[in-house]
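A.B. asks: fold the stuff below for me.
(chains A, B, C and D)
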2 protein chains.
Amino acid sequence: MQSRTPAGRTGRPRNAAADAAILAATRAALVELGWSKLTLGDVALRAGVAKTTLYRRWAGKNELVVDAVAELFDELTLPDRGSLAADIEGVVLQFATILTRPEARNGLMAVVAEAARDDALRERIRASIVDRQKRLVLAGRARAQARGELPPAPDTGEAARTVDLIFDMVAGAVVHRTLVSAEPADEEWVHGFTRVLLSGLAAAGP
Amino acid sequence: MQSRTPAGRTGRPRNAAADAAILAATRAALVELGWSKLTLGDVALRAGVAKTTLYRRWAGKNELVVDAVAELFDELTLPDRGSLAADIEGVVLQFATILTRPEARNGLMAVVAEAARDDALRERIRASIVDRQKRLVLAGRARAQARGELPPAPDTGEAARTVDLIFDMVAGAVVHRTLVSAEPADEEWVHGFTRVLLSGLAAAGP
DNA sequence: GCATTACGCTACGACCCGTAGCGAAAGCAC
DNA sequence: GTGCTTTCGCTACGGGTCGTAGCGTAATGC
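C.D. replies: Residues are numbered from 1 along each chain as shown, chains lettered A, B, ... in the order given. Okay, here's the model as predicted:
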């Protein structure tokens, strides 16, 4: 987040509610205007704050939209559907559902594109979106191990690489399906995709 | 392309060389400035044409960059490495190599992001980049069938869906690995990825 | 009360956009 | 050659956004 007023600090404290209002206004502007036509002046107007206030909290459009979009993915949870395959399918479907929302479609790829030339921004995306959601993979694996579907303690280095691969495949495929192919990542598609993914992981593991 | 001067047409013909110069200048500007700081005035200056000429041929930044980036992917070829798996691995590696180039990284995701709110642009991307490269999948399958690695004539509807799925998985995973995770999609990674993909397709097929 | 910080507001130069208007150039038909 | 048509380069323009500076005011802690 952006506005943590340092603790032992004098002076007027920041209006915490303004942060939420600004991020909500950013998402609303993303829906109505998309990335390229979104202006900070308009966001400030929607949020009911002065443009200068917005600039005091965020460095620019990129950072603002990253924070606004990151909140969307906090809705993700790991459903308990009884098996590893079904759990994963559930998460992928949730992810696909979030990507149907215009504020996610319009914002996510744009900041990723900007991050191609901005290391700090890419790190911000990784920290507040990607790595933040890797908890799902870890939780899923832990639950599967408890169920006995996976061996308890695989090689840590190999395991980390596998987590990264899974993430790239899941997020990449869903995003490409949704935003480039522009076809719905519906239940049927998600089912076929996770079947290929899990079969491949199982077969290629040993 | 943009500048096909209609055949039975009178008047001064368009300078065909200008198209190539403009697209090359666009790629150069993408490398140096990235998407957001790229301006059409600057591209025109680099290409040695007037800004008005550029606007007569392309509707705007989005369309221009799509065409400039699309040319990059025409370099893709289907190598003959002896087996379906090796061929696919070769193509994926070529794709990953193209994505290491800054003009591709900076341009591709940006236009995809813009396409989220622009149906015509998305269609242009599909036609001039995605569908245009599906030739590789078709050629690979044909060659594999000739080798006897695949049955000669699968169900057409199911086959088309599988091609789409392969495309979403390959392009999505490589792009996510390269641009979001910001890790190199090198030979080792590509090898592991294609192994999972092909194992999954083989196991989930029947 | 006093220092300090946040806030809203206004104004500003800088930049880019996309278009209009013009004269000149380069083809084709005759 | 003479026209006709279309492209090209150039200049200029209004409109919009950017990011910042400056100022007076509001809200805290000491």
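A.B. asks: nearest residue to A:Ala85 in space, please, no chain neighbours.
C.D. replies: A:Leu198 (5.4 Å; Cβ to Cβ, 6 or more residues apart in numbering or on different chains). C-beta: built from backbone N, CA, C; applies to glycine.
A.B. asks: is whichever strand or helix holds A:Ala113 positioned near DNA strand D?
C.D. replies: Using DSSP states H and E, A:Ala113 sits within helix A:102-115. No: shown here: helix A:102-115 not in contact with DNA strand D (Cβ under 7 Å from any atom of the strand), separated by at least 11.4 Å.
A.B. asks: packing partners of the helix or strand following that helix?
C.D. replies: Next helix or strand after helix A:102-115 toward the C-terminus (DSSP H and E): helix A:119-125. Helix A:119-125 makes packing contacts with helix A:61-70, helix A:102-115 when contacts are defined by 3 or more Cβ pairs under 8 Å, 6 or more residues apart in numbering or on different chains; DSSP states H and E.
A.B. asks: return the most buried member of those.
C.D. replies: Ranked by mean neighbour count, the helices and strands packed on helix A:119-125 are led by helix A:102-115 with a mean of 25 (mean count of other Cβ atoms under 10 Å in any protein chain shown).
A.B. asks: quick one: it to helix A:61-70, angle?
C.D. replies: Here helix A:102-115 runs at an angle of 140 degrees relative to helix A:61-70 (axes from the mean of the first three to the mean of the last three Cα atoms, to 10 degrees).
A.B. asks: what's helix A:102-115 in contact with?
C.D. replies: A:27-28, A:30-31, A:34-36, A:62, A:65-66, A:68-69, A:72, A:98-99, A:121-122, A:125, A:175, A:178-179, B:34-36, B:106, B:108-110, B:112-114, B:116-117, B:179-180 (Cβ atoms under 8 Å, 6 or more residues apart in numbering or on different chains).
A.B. asks: break chain A into its domains for me.
C.D. replies: A:1-58, A:79-204 (automatic domain parsing).
A.B. asks: ok, and A:Leu201, which helix or strand is that part of?
C.D. replies: Going by DSSP H and E, A:Leu201 is part of helix A:187-204.
A.B. asks: now that helix: mean pLDDT?
C.D. replies: Helix A:187-204 shows a mean pLDDT of 94.
A.B. asks: buried residues in that helix?
C.D. replies: A:189-190, A:193-201, A:203-204 (16 or more other Cβ atoms under 10 Å in any protein chain shown).
A.B. asks: returning to that earlier point: avg pLDDT for the helix holding A:Ala113?
C.D. replies: pLDDT averaged over helix A:102-115 gives 96.
A.B. asks: next one: stretch A:67-87
C.D. replies: For stretch A:67-87, the per-residue pLDDT averages 95.
A.B. asks: which parts of that stretch are buried?
C.D. replies: A:Asp67, A:Ala68, A:Val69, A:Ala70, A:Glu71, A:Leu72, A:Phe73, A:Leu76, A:Leu78, A:Leu84, A:Ala85, A:Asp87.
A.B. asks: could you dump these to a markdown table with distance to B:Gln133?
C.D. replies: Putting the buried residues of stretch A:67-87 into a markdown table (distance: Cβ to Cβ, whole Å) gives the following:
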| residue | distance to B:Gln133 |
| --- | --- |
| A:Asp67 | 35 |
| A:Ala68 | 33 |
| A:Val69 | 29 |
| A:Ala70 | 32 |
| A:Glu71 | 35 |
| A:Leu72 | 31 |
| A:Phe73 | 30 |
| A:Leu76 | 32 |
| A:Leu78 | 36 |
| A:Leu84 | 34 |
| A:Ala85 | 31 |
| A:Asp87 | 34 |
